[in-house]
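K.L.:
coordinates only, sequence not included:
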């Protein structure tokens, strides 16, 4: 999509068994894996490590992630996503 910063979100099993990850290497990867570390051994830019996180002020569970890139800055500086 022109003008948008795109990335691929998937989970470890699907990345390891269903997707041709070598063909998708031009996209940032956000991997979901609720183990102590991702079972996906390729490069990834964000890791969703739980769907049962807690955040003050939010009722119920939330997804929690580690992000290894400053996407807000990348998107703003690149003029993506109508920023």
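P.N.:
Sure, I can see it. Not measured: the values here are computed from a predicted model.

K.L.:
Now do the host helix or strand of residue 52: which elements does it pack against?
P.N.:
In this structure, residue 52 sits in strand 46-53 according to DSSP states H and E. Here strand 46-53 touches strand 28-32, strand 62-67, going by 3 or more CB pairs under 8 Å, 6 or more residues apart in numbering; DSSP states H and E. All C-beta atoms are positioned from the backbone trio N, CA, C, and that covers glycine.

K.L.:
Need those strands in a markdown table (columns: mean neighbour count).
P.N.:
Shown next, in a markdown table, are these (neighbours: other CB atoms under 10 Å):
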| stretch | mean neighbour count |
| --- | --- |
| strand 28-32 | 20 |
| strand 62-67 | 13 |
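
K.L.:
To residue 79, which of those strands lies closest?
P.N.:
strand 28-32 (17.2 Å; CB to CB).

K.L.:
which stretch among the helices and strands packed on strand 46-53 comes nearest residue 6?
P.N.:
Going by CB to CB, the one of the helices and strands packed on strand 46-53 nearest residue 6 is strand 28-32, 8.0 Å.
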